[in-house]
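Asks: Following is a predicted model, sequence given first.
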Amino acid sequence: MIKWINKFLYWRSTIFTFDKESINYLANKFIMHILLGCMLSFVLLFSSCSNTEKKRSVKNNENMVLIPAADFMMGANEELSRPDELPRHRVLLDPYWMDETEVTNSQFAEFVKLAKYVTTAETKPDWEELKKQLPDGTPKPDDSLLVPGSLVFNSPGESDELDSFYQWWIWVPGANWKQPIGHGSSINGLDDHPVIHMSWFDANEYCKWAGKRLPTEAEWEWAARGGLKDEPYSWGSELINKGKPKANTWDGKFPNVNTKKDGFKVTSPVKSFPPNDYGLYDMAGNVWEWTADWYRSDYYEMSNKPGGIKNPQGPKNSYDPVEPFAEKRVQRGGSFLCNESYCSGYRVAFRQKASPDTGLSHSGFRCVKNRE
Ligand SMILES: [Ca+2]
Ligand SMILES: [Ca+2]
C-alpha cells in the first residue's frame with residue numbers, strides 16, 4: 001500500500017507537465033490507476049467478505065456450531081504422519097452440530113447431579129473385566145490397588161527417557177473428575193475448565209443424556225480442519241512454537257520442564273485460545289477428546305474406496321498391533337501434555353487410542369448431534 005501511495009504522489013508531482021505526449025501518458029496512467037484501484041478495492045472487498053464468511057459461524061442455543069457438509073481427504077499428508085494416518089482417503093459427511101468447546105466441569109457437574117451418574121474412575125475396578133485387556137497370565141494386582149482411582153501425570157524430573165511413559169502415569173486412588181489429583185484435591189475455581197479423567201463410557205453417557213452423541217472420528221477430523229484444505233494444524237501450517245500461542249500444549253522440554261509459555265501447565269479454561277475457522281475452540285490441545293469409533297490401525301486402508309465413503313461410522317471392531325488383546329476407541333486433538341518433540345497429537349490427522357474404561361488426567365470430550 002505504501003508503495004502504491006508513493007507512486008501516486010510521484011504521479012501527482014508530474015501532472016504539471018502539459019505537453020501532448022505527457023497528457024496522453026498521464027491520461028493512460030490515470031486510467032490504469034483507476035483500473036488498478038478498482039481491482040484493488042475488489043480484491044480487498046472480496047478478501048474481507050471471504051474472511052468474514054470464514055469467521056462467521058452458525059450457533060444454536062446449546063452453544064453448538066453448525067459444521068458444513070464435507071467432501072475431503074481424511075488422513076495426513078505431512079512429514080510427521082504415522083502409518084495409521086495413511087492412506088489419505090475421500091470422506092463425505094452430512095452437516096452436523098458440534099459443541100464449540102470441550103465439555104466443562106460445570107456442565108458435567110449438572111449431569112452428575114441430575115442423572116446421579118457415577119463415573120468409571122469412581123467405581124471399583126472389576127478384575128474380571130480388567131484382565132481381558134492384559135496379556136494372558138498377568139497376575140492379579142493386590143486388592144489394595146483395586147480401588148476407585150485414575151491415572152495422573154507426574155513429571156519424572158530429570159529423567160530423559162521418552163519411552164518410559166509408564167513412569168509418568170501414576171495410579172492415584174481417589175483421583176477422578178472432581179478430585180483431579182486424588183484425595184484432598186478439588187475442582188473449585190475450575191468450572192470453565194474441561195472435565196478430565198473421563199472414560200469413553202462417561203463421555204458417551206453424558207452425550208446421550210444431553211440428547212447428543214460422540215462425534216465419529218471422521219466428523220472430528222473434518223471439524224478440526226475448520227475448512228482449511230490439507231493443512232497439518234487446525235490453525236494452518238505455522239509450527240506450534242512459532243508466533244503467538246495457538247493452543248494449550250507442553251512448552252519446553254517434555255516431560256521434564258514446562259515453561260508455560262502458553263500460560264498453562266495443566267488444563268486451561270475453554271476458549272483461552274483462538275477458535276478455528278468453524279468457531280470451535282481447543283480442537284488442538286487442552287484435553288484429548290473421545291470419538292465414537294473403535295480404533296484399528298488399518299482402518300484407513302479399509303476406508304480407501306473408489307468414490308469415497310459417506311458418513312463412516314468406524315470399524316466394527318478394534319485392533320491395535322501394539323496391544324492386540326485390548327479393545328480401544330479413538331481419541332483426537334492432543335492435550336496440554338503434547339509437544340513437537342514427543343507426540344504432536346494436536347495435528348488434525350493424529351490418531352490416539354485407549355481402552356474405553358481408561359480415564360487419564362488429560363482425557364475429556366465434546367459432543368455432536370445431527371442437523372435436524
Ligand atoms: Ca500449556
Ligand atoms: Ca481438545
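Replies: Arrived safely. Everything quoted here is computed from the prediction, not taken from an experiment. Ligands and ions are numbered 1, 2, ... in the order given.

Asks: make it CA atoms for all contacts and neighbour counts henceforth
Replies: Will do.

Asks: Any residues of the stretch 151-300 of the chain in contact with ligand 1? List them.
Replies: N248, T249, W250, F264, K265 (CA under 5 Å from the ion).

Asks: Backbone dihedrals for the residue lying closest to the second one once chain neighbours are set aside, please?
Replies: Nearest in space to T249, with sequence neighbours left out and distances taken as CA to CA, 6 or more residues apart in numbering, is F336 at 3.9 Å. Taking degrees, to the nearest 10, you get phi -70, psi 0 for the backbone angles of F336.

Asks: can I get the residues of the stretch 151-300 of the chain next to ligand 1 in JSON lines with pLDDT, distance to K131 and secondary structure?
Replies: Output for those, formatted as JSON lines (pLDDT from 0 to 100; distance: CA to CA, whole Å; DSSP: H, G, I helix; E, B strand; the rest coil):
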{"residue": "N248", "pLDDT": "98", "distance to K131": "35", "secondary structure": "strand"}
{"residue": "T249", "pLDDT": "97", "distance to K131": "33", "secondary structure": "coil"}
{"residue": "W250", "pLDDT": "95", "distance to K131": "33", "secondary structure": "coil"}
{"residue": "F264", "pLDDT": "98", "distance to K131": "37", "secondary structure": "coil"}
{"residue": "K265", "pLDDT": "96", "distance to K131": "34", "secondary structure": "coil"}
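
Asks: May I see these organised as CSV, with neighbour count and distance to ligand 2 added?
Replies: Shown next, in CSV, are those (neighbours: other CA atoms under 10 Å; distance: CA to the ion, whole Å):
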residue, neighbour count, distance to ligand 2
N248, 31, 9
T249, 33, 10
W250, 28, 13
F264, 19, 14
K265, 17, 15
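
Asks: if we can go back for a sec, what about the residue nearest to T249, how many residues nearby?
Replies: If you count neighbours by other CA atoms under 10 Å, F336 ends up with 24.

Asks: just P139 next, same as before
Replies: 9.

Asks: Just the element for it, please.
Replies: Assigned by DSSP states H and E, P139 belongs to no helix or strand.

Asks: Check the spacing between it and D71 real quick.
Replies: From P139 across to D71, the span is 49 Å (CA to CA, to the nearest Å).

Asks: same check, this time on D251
Replies: Going from D251 to D71 by CA to CA gives 35 Å.

Asks: Then E79?
Replies: In terms of CA to CA, E79 sits 23 Å off from D71.

Asks: Give me the more crowded residue out of the two.
Replies: Remark: of E79 and D71, D71 carries more neighbours, 15 against 7, as counted by other CA under 10 Å.

Asks: what's the burial count for T291?
Replies: Neighbour number of T291 under other CA under 10 Å is 27.

Asks: So which residues make contact with the helix or strand hosting it?
Replies: Assigning secondary structure by DSSP H and E places T291 in strand 288-294. Contacts of strand 288-294 with the rest of the structure, by CA atoms under 8 Å, 6 or more residues apart in numbering, involve 102, 200, 203-204, 213-217, 220, 313-318, 327-335, 362-366.

Asks: and those residues, which of them are in helices?
Replies: Those of the contacts of strand 288-294 mapping onto helices are W200, A203, N204, E217, W220, per DSSP state H.

Asks: can you pull the contacts of the last one?
Replies: To tie it back to what came earlier, the one meant is W220. T291, R332.
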